[in-house]
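In: build the 3D model from these lines:
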Amino acid sequence: ENVWGWDKDKTIPDDVPEIYGAYRGDVGGNITINAHGSHVENITGAAYDSTVNGNVIINATGVELKNSYYEDEDYDEGDIYANYKSKKIVGRYEINVNGGDVNIIRLTNGEAINEGSQITITGSPKIRTGVVSTSNYDATPENVTVRLTACKAEIPFIQSSTETFVENNSDVKLNGLWLTGDLTVQEGSILKTDHSRQRMHHPLWRPLKATR
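Out: Residues are numbered from 1 along each chain as shown. The predicted model follows:
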């Protein structure tokens, strides 16, 4: 467990550290963050005017992302972000989550998403708010694959993907699935949906019509 922001089984402090691959920096190649069992607030690949001449990849295994407002509906954080307000990223965005406890999984807050970008979720994670490729989600985006593989979880929502796969004996319940171009549930996997449990109060939650 490579990064601890608070003592195990102790109260989460007001000021919790975060992990950044680049913060207002210029990166000549790729950014790869490998977090194993880390207890921090957020994990961000590239942020705040960074320029990356390659891919941004986050591999999060068993991470616990929280702050002192954990489980508060208005202030809960603990997010994974590939790109947050960077100037330019040449390559793809990729987030791989295996188990753990996170609030939001999100590729970018920008409008465009580079070819080959993806979110892959495995294991039995607790996802408190949802999965979204971009904050600018007025339409189904291009170049985004969301893959649930060998995954057993209840996820509040998945929104804004070009294609979504449920595979490798996954058993997943979604309370919302919107702006998805294609949905594939492979034989042996289970996908259950329940649109009646929409968390309309959350700032990310917009009941937009799905393509399919």
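
In: partners of whichever strand or helix holds Asn96 in the sheet?
Out: Here Asn96 sits within strand 93-98, counting by DSSP states H and E. Using DSSP bridges, strand 93-98 pairs in its sheet with strand 56-61 (parallel), strand 117-123 (parallel).

In: minimum distance to Leu177: which of those strands has it?
Out: strand 117-123 (13.7 Å; CB to CB). In short, each C-beta sits where N, CA and C put it, glycine included.

In: who touches that closest one?
Out: For strand 117-123, the external contacting residues (CB atoms under 8 Å, 6 or more residues apart in numbering) are 82, 92-100, 105, 107, 127, 131, 133, 143-153, 155, 161.

In: which among those count as buried?
Out: Buried members of those, scored by 16 or more other CB atoms under 10 Å, are 82, 92-100, 105, 107, 127, 131, 133, 143-149, 151, 153, 155, 161.

In: helix, strand or coil for Asn34?
Out: What DSSP: H, G, I helix; E, B strand; the rest coil gives for Asn34 is strand.

In: just Asp74 next, same as before
Out: coil.

In: just the pLDDT at it, thanks.
Out: Note on Asp74: pLDDT of 74.

In: what do you get for Asp7?
Out: So Asp7 comes in at 82 (pLDDT).

In: same check on Thr11?
Out: pLDDT, Thr11: 86.

In: which residue sits closest to it, ignoring its sequence neighbours?
Out: Nearest residue to Thr11, sequence neighbours excluded (CB to CB, 6 or more residues apart in numbering): Ser68, at 7.9 Å.

In: and for Arg128?
Out: Among residues not flanking Arg128 along the chain, Asn103 sits closest, at 4.7 Å (CB to CB, 6+ apart).

In: what about the one you found, distance to Glu71?
Out: Plainly put, Asn103 is 10 Å away from Glu71 if you go by CB to CB, to the nearest Å.

In: same deal with Lys173?
Out: Distance of Lys173 to Glu71, given as CB to CB: 20 Å.

In: and the two? which has more neighbours close in?
Out: Comparing Lys173 with Glu71 by other CB atoms under 10 Å, the one with more neighbours is Lys173, at 15 against 9.

In: tell me what that one is bridged to.
Out: Taking DSSP bridges as the rule, Lys173 bridges to Glu154, Lys192.

In: surely Asn55 and Arg92 touch.
Out: Yes. Applying CB atoms under 8 Å, one finds Asn55 in contact with Arg92, separated by 5.1 Å.

In: tell me where the protein is predicted with low confidence.
Out: Flagging of the chain using pLDDT under 70 yields the residue ranges 1, 73, 137, 195-212.

In: mind listing what the most centrally placed residue in the chain touches?
Out: Nearest to the mean C-alpha position of the chain, counting by CA atoms, centre = their mean, stands Ile105 at 1.4 Å. Shown in contact with Ile105 (CB under 8 Å, 6+ apart): Asp79, Ile80, Ile95, Val97, Ile119, Ile121, Ile127, Gly130, Val131, Val132.
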